[in-house]
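> kindly return the folded structure for what I paste below:
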Amino acid sequence: MNAPITMRPFGRAPDGRPVEAYTLTNVHGMSVCILTYGGTVQSLRALDRDGELDDVVLGYDELERYFDSPRYFGALIGRYANRIAKGWFSIDGRDYQVTRNEGENSLHGGVEGFDKRLWTAKAQETRVGARLTLNLVSPDGDQGFPGELAVQVAYELTRGNELRLDFQATTTAPTVINLTNHSYWNLSGLDGRHTRDHEFQVFAEAYTPVDEALLPTGEIAPVAGTDFDFREPRLLTVDLDHNFVLRPKGRGALAPAARLHHPGVGRTLQIDTTEPGLQVFTGFGGVALETQRFPDAPNHPNFVPTLLRPGVIWKSTTVFKLSA
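Below you'll find the model as predicted:
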């Protein structure tokens with residue numbers, strides 16, 4: 001049996017500091033490899049119906065390929081996942097301009113988001129499996145965001161073939177926050193070329209329509225009668241880069257978000273989350289399923305708030321469960 005936690009060197013960050021790769025393995029042989037660079041899920045090996053293991057997330061074998069990649073494969077995203085229109089928002093009557101890296105808009109934290117940072121790591125065995133806890137301190141003014149933000153993300157691989165992500169953060173000044181993991185899934189394994197043969201279901205009655213710049217219009221529209229109606233499982237044959245409005249249970253309770261299934265190999269991914277939104281993006285041979293707050297929420301008062309004030313702990317949990 002493999003050790004539940006192993007660590008190996010994985011090259012050096014652009015500033016010369018060493019990067020480590022931690023692999024968590026459970027009793028069934030399922031494993032996840034996480035890099036301290038970007039908090040990146042570099043690989044996740046899961047069983048199919050025949051008991052064969054294969055990697056079901058997209059990633060690179062060489063660290064250097066992550067440095068300039070625009071794809072955010074497997075990375076932790078912050079300070080603000082998704083888009084902020086013109087990189088601008090206001091808090092308590094004061095305007096803030098953050099770095100813009102998608103034309104006039106800010107995407108996934110700006111020019112140097114959390115996906116480009118080196119996180120500190122602590123690994124430990126737990127009652128239900130193995131956990132890797134990552135920490136990062138984002139200084140006041142980082143990419144234009146106010147407040148010093150202390151972030152902790154725990155990845156835990158359980159005996160029940162679940163990868164659990166627990167986020168928490170605190171700030172020294174009022175700020176906006178939206179954290180997620182940006183893994184791309186392809187349940188057919190490394191040889192998979194697309195996800196159009198995957199059955200997909202989203203537990204959402206509504207979505208947030210976007211304009212030509214993929215920014216939300218502010219409307220929350222029903223999925224019924226549209227290409228975004230995945231309330232019942234169907235093949236993922238449409239191209240998506242949209243936020244779905246989930247049906248949370250409230251008070252931080254986990255609720256079903258989505259289900260992805262590959263009939264050919266029998267693998268199924270079930271996602272439960274405390275978050276109100278799921279950004280679904282199809283591309284590069286996988287589908288990104290990002291549990292989060294809504295895009296550009298600081299500029300839409302009718303969206304779920306993203307404001308974090310001092311003295312409050314921001315929390316979020318998502319569970320990815322693999323079965324076959």
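> contacts only, for the residue nearest to residue 305 when sequence neighbours are not counted.
Leaving aside its chain neighbours, residue 305 sits nearest to residue 297 (7.0 Å; criterion: C-beta to C-beta, 6 or more residues apart in numbering). (C-beta placed from N, C-alpha, C; glycine too.) Applying C-beta atoms under 8 Å, 6 or more residues apart in numbering, one finds that residue 297 lies in contact with 176, 178, 303-306.
> among those residues, which one sits closest to residue 316?
Within the set of the contacts of residue 297, residue 178 lies nearest residue 316; the separation is 9.2 Å, counting by C-beta to C-beta.
> wait, the closest one touches residue 305, no?
No: contact between residue 178 and residue 305 fails when scored by C-beta atoms under 8 Å: they sit 10.6 Å apart.
> quick one, which of those two is more surrounded?
Each of residue 178 and residue 305 has its neighbours counted (other C-beta atoms under 10 Å); residue 178 has more, 28 against 11.
> any idea how far that one is from residue 205?
Distance, residue 178 to residue 205, using C-beta to C-beta, to the nearest Å: 22 Å.
> ok, now residue 194?
Separation of residue 194 from residue 205 (C-beta to C-beta) stands at 28 Å.
> so what pLDDT did the residue of the chain most remote from its centre get?
Farthest-out residue of the chain from its mean C-alpha position, per C-alpha atoms, centre = their mean: residue 93, at 30.5 Å. Note on residue 93: pLDDT of 97.
> cool, the one 10 residues further on as well?
Confidence at residue 103, expressed as pLDDT, is 97.
> burial count for it?
A count of neighbours around residue 103, defined by other C-beta under 10 Å, yields 9.
> who touches it in this structure?
By C-beta under 8 Å, 6+ apart, residue 103 lies in contact with residue 213.
> got the phi/psi numbers for it?
phi 60, psi -130 (degrees, to the nearest 10).
> quick one: it and residue 80, what's the gap?
Computed as C-beta to C-beta, the residue 103 to residue 80 distance reads 16 Å.
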